[in-house]
Structures are given as structure tokens and as C-alpha cells.
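Novice: A predicted structure for the sequence below; I have some questions about it.
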Amino acid sequence: MRTLFLLLFAVLSSQTATAQNLDPRDLLNPLGSSWPTYNGDYSGRRFSQLSQITAANVRNLGLIWTFDSGNDPIKATPLVVEGVIYISVPDKAWALDGRTGRLLWHWENKSRGGTHIGHRGIAMFGKWLFLVTPDNYLVSLDAATGKERWRTEIADLKLDFFSTVAPVIIRNHVLVSPSIESTDNRGYLDSYDPETGKLQWRWYATPDAGERGAETWPNDEARSHGGGAAWVPGTYDPELNLYYFGTANPQPVMAGQGRLGDNLWTDCIIALNPDSGKIAWFYQTTPHDTHDWDSAETPILFDAEFDGSIRKLLAQANRNGYFFVLDRTTGEHILTAPFAPNNWAKGLDAQGRPIRDPKKDPQPAGALVMPSEEGGTNWFPPSLDPETGYFYVRVTRSVAVYYLTDTSSKPEAWGGLDKTVQRGPSSIAAIDYKTGRVVWDHPTGVDAVSGLLATAGRLVFGGDGSGNALALDPLTGRTIWHVNLNERMFNGPITYELDGRQYLLLAAGGKLYAFALPEH
Amino acid sequence: MFKENRFLSNLHASSAKTKALRLADVILCGLLAMLISWPTRTAAQEKKEPNATAPEPANAGAIDESLRNIYPNLPPDQDPAAVARGKDLYGGNCAFCHGKEATGGNSGPDLLRSVLVNHDEKGELIGPVIRQGRTSKGMPGFNLGDSQISDLVAFLHQRNRDARLRFTYKVPSVAVGDSVAGKAYFDSHCAACHAGSHGLAGIASKYQGDELQQRWLDPGRHSADVTVTVTLFTGEKCSGKLKHLDEFSVSLYDPQGNYRSFTLNSKAKVEIQDPLDGHRKLLEQLSDPEMHDVTTFLGTLK
């Protein structure tokens, strides 16, 4: 008996010494056996080198454990660091054993309110976790215990700001940004000190008076309430020291007559220096947006050949229905191609930006527009497989009638609305980055919303609209494996390795499911 | 590489050590479970009080829970009589500077975007500004009584509420087309299906405005069943009302009302007949003037 106690004590000590820890320098490495950030690594590719689960053996996958978080659908991407999983829904977070799904701790926010539409996930720095709450706190937790260290308010709840984003850690910067519900506010991105929670810098999504870009607004009032919230975590190139992210729609959302002009830097892909908070370059994907397109979708970073030379590229499948490829060093435009049916643009301008058709702006009697406000795609994480050169994205085909309801010269909030007249169908599509051409398109029924994961096992994982988790052939889109989980997947699936065993971790509805191959 | 990776590669070097450590992890979990008191709230308990600390609006009964979740500071619906009185007072005293709609004017700021107005609940912030003015910004004080201030506050909060709640927005008239052209379009594109018992006589009495436009563009799934015929590899056929179809299975109710489901494989054939296909095809071709013409024509079928 005495021996056993000593043994237990020894195990406990060694475990304490190796408590979960994530050095921000480790984030510079390619995605390995863990999944330490929202996108796995800084590139945003969601491509894993793990190759134990392959097209040949994926049919042998077995369910290892499940975890039920409650009724809220899990839209967050889990983190996996040193064998522990961190997962969240609005106002709640859990730590789980990656081998068993066993609960380690649970944290809950006493909410003051705010839109509870979704939560994208958690970030880790050292022994600390960071997450935002719908009522606009950035909260830091002790990763070992789930105990709160500090919280800092990042936005004014009474101005309709709310928060869903997964923080991004770059060195000693915690990057977060609130979302805008309907009140006309100016969006921004903040950087906080991971130790103290003190604000390091704030970058506003519309220019200051007199700054370059201010001329794309008719007046200071429109500019300083012009929207542009950055509500999806971005990506980072350590060599260029640039953080890439997208900004959302201008405010008021659908009535543009009070903000004539391009409305920079709304609906832009932004490259920002994470130390200074200064903009390096921008590319606007929808000048003067009147359909709530945003440009928030993940900008994926990769180095690949284009017209004979290897270039540092950035690709984004945008909610407005167009696929963009840019040079991420300079922001130079390389390619624009439609990937989802749309009729709101008349063509492309010299910089490859879609040219808005004013007839398809919201109209008092209605304008029939493809896609609906839901977009050709949305925040669902895409994936890029460097082996196939394909960009995998969730596509939705929809039609809506867009109405302009506020015809005054100074509209407020939305100023209009859209009524969907065709929902879905959705699909998972593979886009060739060199041409923008859709190489294959795998139908997934109406209302499929999952993110995607590509692996070196030559598989693409995602979900359909009927609660099926899918593994597809990355070259052809053919289904290789499926399992019906009876609820839709909302987040991006991930994969990790523990004890030499590769796990596939999916969320369907409010439950997590971990799969792996049988042990010998 | 992460520390974890190095740790794991060490483990791979010795399978015996791997087994020992896994056992240790199991023991550790059990020990921790004994030492730490886990949160024991169930999902049902959580559901009862999702926002126990959310602020109580003055008129809680008028706002449903979901609205308060989205707009924690959404002003409650105000007394319409107070709003009307407040609107008159606003027009006489405030509109000259703050604009007719309270969205700002030449010399006064937009009151719907105002931080102060958005932070106000019952006039505790707005009232003093009205009374004392903001002389540094050129706003004089107004000598108004408590009830007048209260009416002005009601007007501002109602304006704010209406601007924020998108689903309360009213669509102006959609009958802006040419009903003769709309009838011609209907005759050539719709009449083949919508004749006799499928005619649309009286539809304008049932639906008006944008709802009428919405209904004819998208009649909704409930308006027509999809029928499906499944042909099995044996040649057997089964038809009925479609219940579900995805890549892997199809299910239906046969004419006797029996539920049937089938696993799909390459040998099974599925044929779908959707009476709403015509509507979907229309959406791909329809121009906005044609849409308005048809809506205007349908609006005459009272």
C-alpha cells in the first residue's frame, strides 16, 4: 500500500512538472501532432501532415470517445496542446483529456447579454488561455485549472458590439476584435498584453480624418461610424511579420446612400504589422458593399508557383462569391474568379475587384440577388492542400430579394433587409489556385455549414446538411468514408496525434466525437 | 516542434515505457477525479438561467428573451401616446439641429448613434443634457417639465429600437410594375401549371405587398410535396412522398402511409419530382422589372 502511494505521488509530480504550456515561438513551426491555434498553424491552411489515417484505412475508423457540451452547437475549433483539448461555446469553455474525452475543468461566464450566435475558439500563450465572451470581455484563464486570471472589456455592449472571435497570439500580442450587431459603429482590431491584459494598440477599420482612404467616405460622420468589424481570426507570415485578416461590411449595412464611395477599409483583406498595428497594404474585395458580403473569410497563406516563379501567395474564397489570389508581400492582385453563382457584379475592374451593379443594390420594391446574405460561402474554415494545389471551400447557392427600407439621405443600422427565396443547395468545392477554376464540386444538400480539413493521408474531411461527417478524395471529391452523427457539423474538423495514434476530432451539434483506427 | 512531440518520440522509442505511462495517466485521472470537485450542473439547469445577470428592462413583458439576448440594451417598446407627444416636442425643439429623424443635422449630432443616448435607460442621462444644454458645443438648455422630458426620451428610445430591429422594417410598396406586362409574363411562364384548380384567383386577398412577392417567388415546401421513385437493383420500384434524401439514404411515405427507407448504392436509382422546380428555374431567369410586373399583376387578383 505504501508503495502504491509513493508511486501515485511520483506520477503526480512528474505531471505537474510537464503541465500544459505553449511557447509562442512553437507557433512558428508547421502543424504537427497538436492543434495549438484556431487554424492549427499561422498559415490558415488547415492541412495536417498526419498520415496514419489514409484513404485506404479510413473505413476502419472507430469511435473512441464523445463529449456532450449541451445544447449550443460547437462552432469553435478545438485546441489540442500536450494531450489536452480546449473547447468553447458562447460563455462556456472546457478542458478535456485528448485520449479519453474526460472532463478536466469547466468555466462559465456570468453574461450581461450580447449576441450569442457563435464562438470561434480559444488561444493559448504559455500556461494561459484567452477567449472572448459575447458581452465583450477578453478573459484569460489558467490552462491547468480553468481559473480566471483577469478580464478586460474590449467593446461597449450598449453600442451593440458583441464578441465571437478566437484570439490570435503573435509573440506577446493577443489580437481580438468585436463584432457589430446593428448600431452604426466603427470596427477595430485590438492587441492586448497576454500577461496584464493592457491594450497595446488599436487599429480602426476606417481611416482617421485626413488619412489615406478617408476620401472614400463622403463625410466624417459616415467614416467614423462606418463598420468594418474583423470577426474571423486571421493568419500570419513570420518572415514578413504581417498579420492578414478580413474586415466586414460598412455601416449602415444595406442602405449605401449615406456613405457614397468605396468605404475603405471595409470589405478588405488587410495586411498589418502586429507590433505597431499599422497597415502595410489592403485589397478591397467589395467596394461600397450594400449586401453584407464582408471580407471576413480566412485568408490562406501558401508559397507556390504562379506564372513560372515561386511566390508568396494569399488566397480567399469570399462571401461575395469570388475567389481571390494576391501576392501577400505587396498586396498585388493576381487572380479573381467566381466560384458561386452571383449576379450582383457586372464584371471586374483593372485591380480584379468586382464592379457592383447598382441595379442589384437593395431596392424599395426589391432586387433579386444571388447569393443571399448568407453568401457564396461564409466563415466556415476552408482548407488548402499543398499536395493537390486545391483550395477547399464550402459553397452555398442561394437567392434573395433585397429591399431598401430606409430611403432617407441618412439611413441607420441596416436600412434594408433581404428575404431568401432559395436556400441552398450547398457543396464542398475544390478550387485550383492557379486558375480559380472549380475542379470538383461535391453536393452536400441544403444548409451544410461545416469547415474543412485536409490531411497528408490524402483525405478532405467535412460534413453535409444531413448530419453526415464525410471524408472525400482530395483529387476527385469522391466520398471515401462517412458516418451519420444525426446533427450537422458547424465547426472545422481537426486531427492530432497522441501516443503514436492519430485522432480525428469532429463536432456535430453540441457534441464532440473523437475517431481513430483500432489499436493492434 | 512542440515539447509534446519530443515527449512522444521518446515514448515511441520504448513500447514498454509507453504502456507504463498510459497506465499512469489512467491512475492520474482517477486520482484527480477524487481530489477535485467537478462542476455538476446539467444542461437542463443551465438552460433555466442562461442570462441570470442580464439587466431587466423597464418593460420586460414586452420583450421576449431572445431579443434581450441579442440586444441587452435594446430600449423596451415605449408607450405610443408618449412617443407621439415626444415626437411633437422633438419636432418643435430639437429637429432644427438634430434632424427630423434624430439622425443628425447641420449643427447637432446623430442621436441614434450617440453613446449617451445608447447608455441611457429612462432619461437619467438624456434629461440633464436637455435641461442644462451643452454650451461648449452650442446647445442651449431647454426649460421643459419632467413629463415632457420623459416623452422626448420615449420618442428617442423608440426611434433607436425601430432602427435596430431589422425584422420590424416595413417594405414600401412592391406594386411598382406594369400589370399588363405582368399578365403576359404569367401567361407565357406560369399559366401552364397555374390554370384551373391551380389558378391564383383571390391570391391578392390572401397576401399583400412584399409577402405576396415572397410567396410567388418561393411558395415554400409546405405548399407542395416532393415525390420520389426508388428503383432497387432487383427492379422493384417504390414511390411516395419524399421524407429525406442525402448521398447515402432515401426515405419516403408510400401511398398507404407506410414509412420506407433505403440505403443508396450505385445500383439503386432515385428519381425526384418536385412541383416547385418551375419556381426555382424562374429565379435563374427572372429580371427585376419582370418580378415587379408579375407581383403587380398578381396584386390585381383579389
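Specialist: Arrived safely.

Novice: Just give me the neighbour total for the closest residue to B:N118 other than its chain neighbours.
Specialist: Leaving aside its chain neighbours, B:N118 sits nearest to A:K158 (5.0 Å; criterion: C-beta to C-beta, 6 or more residues apart in numbering or on different chains). All C-beta atoms are positioned from the backbone trio N, CA, C, and that covers glycine. Neighbour count of A:K158, defined by other C-beta atoms under 10 Å in any protein chain shown: 21.

Novice: swap in the one 4 residues further on?
Specialist: A total of 27 residues lie near A:F162 under the criterion other C-beta under 10 Å.

Novice: Report whether the expected contact of it with A:V132 is present.
Specialist: No - using C-beta atoms under 8 Å, A:F162 is not in contact with A:V132, being 9.1 Å away.

Novice: For the two, list the residues in contact with both.
Specialist: Taking C-beta atoms under 8 Å, 6 or more residues apart in numbering or on different chains as the criterion, A:F162 and A:V132 both touch A:P178.

Novice: Rounded mean pLDDT for stretch A:21-36, please.
Specialist: Averaged over stretch A:21-36, pLDDT sits at 92.

Novice: Tell me the span between the first and last residue of it.
Specialist: 10 Å (C-alpha to C-alpha, to the nearest Å).

Novice: same thing with stretch A:367-377?
Specialist: From its first residue to its last, stretch A:367-377 covers 21 Å (C-alpha to C-alpha).

Novice: got it, and stretch A:465-485?
Specialist: End-to-end distance for stretch A:465-485, by C-alpha to C-alpha: 11 Å.

Novice: excluding its backbone neighbours, what's nearest the residue nearest the centre of chain A?
Specialist: Centroid-nearest residue in chain A: A:V232, 4.3 Å away (criterion: C-alpha atoms, centre = their mean). Leaving aside its sequence neighbours, A:V232 sits nearest to A:A296 (C-beta to C-beta, 6+ apart; 4.3 Å).

Novice: Am I right that the one you found is in contact with A:F380?
Specialist: No - with contact defined as C-beta under 8 Å, A:A296 does not count as touching A:F380 (11.2 Å).

Novice: Mind checking which of these two has more residues around it?
Specialist: Using other C-beta under 10 Å as the criterion, A:A296 and A:F380 rank with A:A296 on top: 28 against 25.

Novice: where does A:Y243 land in three-state SS?
Specialist: Here A:Y243 is strand, with the state taken from DSSP: H, G, I helix; E, B strand; the rest coil.

Novice: quick one, what contacts it?
Specialist: So A:Y243 contacts A:V168, A:I170, A:L175, A:G234, A:T235, A:Y236, A:A271, A:L272, A:N273, A:P274 (C-beta under 8 Å, 6+ apart).

Novice: Give me the buried positions along stretch A:237-254.
Specialist: A:237, A:240, A:242-254 (16 or more other C-beta atoms under 10 Å in any protein chain shown).

Novice: repeat for stretch A:201-211
Specialist: Residues of stretch A:201-211 classed as buried by neighbour count (16+ other C-beta under 10 Å): A:W201, A:W203, A:Y204, A:A205, A:T206, A:P207.

Novice: Confirm that B:F167 lies within a helix, as I assumed.
Specialist: Yes - B:F167: assigned to a helix according to three-state DSSP.

Novice: Look up the closest residue to it, ignoring the ones flanking it.
Specialist: Closest residue to B:F167 apart from its sequence neighbours, by C-beta to C-beta, 6+ apart: A:L417 at 7.4 Å.

Novice: Backbone dihedrals for that neighbour, please?
Specialist: Dihedral angles of A:L417 (phi, psi; degrees, to the nearest 10) stand at phi -160, psi 160.

Novice: I figured it was touching B:L165, is that so?
Specialist: No - taking contacts as C-beta under 8 Å, A:L417 lies outside contact range of B:L165: 10.5 Å.

Novice: Compare these two (neighbour count), which wins?
Specialist: Looking at A:L417 and B:L165 with other C-beta under 10 Å, you find the greater number of neighbours at A:L417, namely 22 against 16.

Novice: If you count contacts, what does the helix or strand encompassing A:F323 end up packed against?
Specialist: Using DSSP states H and E, A:F323 sits in strand A:322-327. Applying 3 or more C-beta pairs under 8 Å, 6 or more residues apart in numbering or on different chains; DSSP states H and E, one finds that strand A:322-327 contacts strand A:309-317, strand A:333-338.

Novice: Can you dump the C-alpha atoms of that strand in CSV for me?
Specialist: What follows is strand A:322-327, C-alpha atoms only, in CSV (Å, rounded to 0.1, in the frame of the first residue of the first chain):
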residue,chain,number,x,y,z
TYR,A,322,-15.5,35.4,-55.8
PHE,A,323,-12.1,33.7,-55.2
PHE,A,324,-9.1,36.0,-54.9
VAL,A,325,-5.4,35.3,-55.1
LEU,A,326,-3.0,38.1,-54.0
ASP,A,327,0.8,38.5,-53.6
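
Novice: Can you get me a residue count around residue 265?
Specialist: Unless you meant another one, I'm taking chain A. A:W265, neighbours per other C-beta under 10 Å, totals 26.

Novice: other chain: chain B
Specialist: 9.

Novice: about what we covered before: what bridges to the residue nearest to B:F167?
Specialist: On the basis of DSSP bridges, A:L417 is bridged to A:Y403.

Novice: what sits against it?
Specialist: A:M254, A:P362, A:Y402, A:Y403, A:T405, B:R166, B:F167, B:Y169, B:V171.

Novice: thought the last one was touching A:V401?
Specialist: Spelled out, that is B:V171. No - with contacts counted by C-beta under 8 Å, B:V171 stays clear of A:V401, the gap being 9.1 Å.

Novice: And the two? Which one has more around it.
Specialist: Counted by other C-beta under 10 Å, B:V171 and A:V401 do not tie: A:V401 has more neighbours, with 27 against 20.

Novice: ok, and the closest non-adjacent residue to that one?
Specialist: In this structure, A:V401 finds its nearest non-sequential neighbour in A:G366, 4.1 Å apart by C-beta to C-beta, 6+ apart.

Novice: How about B:G104?
Specialist: In space, and not counting its chain neighbours, B:G104 is closest to B:D110: 3.6 Å by C-beta to C-beta, 6+ apart.

Novice: For that neighbour, give its distance to B:A191.
Specialist: B:D110 is 51 Å from B:A191, where distance means C-beta to C-beta, to the nearest Å.
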